[in-house]
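Trainee: below are the sequence and a predicted model; questions follow.
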Amino acid sequence: MIPLYYPLLLSLLLLPGLLSSSHPDDFMYQFKGQCYYRNGTEDIWSVSRYMYNQEEYLYFDSDKGFFIPVTELGRLDAESYNKNPDILERNRAEVETICKHNYQLYKALTVDLKSEPKIRIIYAPSTDPEYENILSCFVEHFFPSMINITWLKNGVEESDKVTSSELLNDGDWTYQIHVNLETTIQHGDVFTCRVEHSSWTTPREVQWKFETSESARSKMLTGIVGFVLGVVFFIVGLLVYLRNTKGARFLPVQQNS
């Protein structure tokens, strides 16, 4: 159910002295119209609220079709309005004239507004053998906020050791969330973060493999660089040794007479 307020908030402030120059208080009358959409425009619920000095005293419920008092002040108005066919008909018609009209007017900026999630996986290896490794699936910059995130290990859904952060608002209509999987990792394991969102017609998946992980690539690169440097130093050392050995063959040798 999607709430959408009327673009109308009527506030009437009676300043001191407007009714009586001797009365020191302010009086505020407010009206607020609310539209609730259940399954688009097929089922609309409209509520018109009337407040006096910031206290609601009367409201009209489109589902019921009449005015309902909240306080004693609203009881007399409700009795009067409910006896007036013109007032009742006008309020009942606001479901069509205001709610449905505004839905089409603002639909592109609210209901139809979508932002596709961005997905990335971060690996946090455990340094303590008593604890398992943690894979975190970060899903960011998506709208609307309804989203479903699933972890799979070698094609099988994981649920026992899955934890999720709170849904965070980025402040620009979009949201972010991360879902953690605590697990043991062996060579050949394939982990998948599957995301379902209304901005896509089918789920999206991002895979992570231990052999091709950023950490594994970094270690592999370090090993290759170390090996190459070792070979270079070995060759340089060998050449220096051979040169010194070759020069030593031509040194004059004195013999005792």
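Mentor: The structure has been received and is ready for your questions. Residues are numbered from 1 along each chain as shown.
Trainee: return the helix or strand in this protein with minimum mean pLDDT.
Mentor: Ranking every helix and strand in the chain by mean pLDDT, DSSP states H and E puts strand 2-14 at the bottom, with a mean of 44.
Trainee: ok, the residue lying closest to Lys114 once chain neighbours are set aside - how many residues close by?
Mentor: Closest residue in space to Lys114, ignoring its immediate chain neighbours: Ser199 at 4.1 Å, by C-beta to C-beta, 6 or more residues apart in numbering. Where you see a C-beta, it was placed from the backbone N, CA and C, and this is true even at glycine. Neighbour count for Ser199, taken as other C-beta atoms under 10 Å: 14.
Trainee: now the strands for this structure?
Mentor: Under the criterion DSSP state E, the chain carries strands at the ranges 2-14, 27-38, 43-52, 55-61, 66-69, 118-124, 133-142, 147-153, 156-158, 162-164, 168-169, 175-183, 190-197, 204-209.
Trainee: let's have those strands in JSON lines, adding distance to Arg75 and mean neighbour count.
Mentor: Below are the strands of the chain laid out as JSON lines (distance: least, C-beta to C-beta, whole Å; neighbours: other C-beta atoms under 10 Å):
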{"stretch": "strand 2-14", "distance to Arg75": "21", "mean neighbour count": "12"}
{"stretch": "strand 27-38", "distance to Arg75": "17", "mean neighbour count": "16"}
{"stretch": "strand 43-52", "distance to Arg75": "12", "mean neighbour count": "18"}
{"stretch": "strand 55-61", "distance to Arg75": "8", "mean neighbour count": "18"}
{"stretch": "strand 66-69", "distance to Arg75": "4", "mean neighbour count": "17"}
{"stretch": "strand 118-124", "distance to Arg75": "55", "mean neighbour count": "15"}
{"stretch": "strand 133-142", "distance to Arg75": "48", "mean neighbour count": "19"}
{"stretch": "strand 147-153", "distance to Arg75": "46", "mean neighbour count": "17"}
{"stretch": "strand 156-158", "distance to Arg75": "57", "mean neighbour count": "12"}
{"stretch": "strand 162-164", "distance to Arg75": "49", "mean neighbour count": "13"}
{"stretch": "strand 168-169", "distance to Arg75": "41", "mean neighbour count": "12"}
{"stretch": "strand 175-183", "distance to Arg75": "44", "mean neighbour count": "19"}
{"stretch": "strand 190-197", "distance to Arg75": "48", "mean neighbour count": "19"}
{"stretch": "strand 204-209", "distance to Arg75": "56", "mean neighbour count": "14"}
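Trainee: returning to that earlier point: surely the residue nearest to Lys114 and Phe142 touch.
Mentor: Yes - at 7.0 Å, Ser199 counts as touching Phe142 under the criterion of C-beta atoms under 8 Å.
Trainee: what residues are shared contacts of the two?
Mentor: 115-117 (C-beta atoms under 8 Å, 6 or more residues apart in numbering).
Trainee: quick check, nearest of those to Tyr57?
Mentor: Ser115 (41.2 Å; C-beta to C-beta).
Trainee: would you agree Gln176 is in contact with Phe138?
Mentor: Yes - using C-beta under 8 Å, Gln176 makes contact with Phe138 at a distance of 7.3 Å.
Trainee: where do the contact lists of those two overlap?
Mentor: By C-beta under 8 Å, 6+ apart, Gln176 and Phe138 have no common neighbours.
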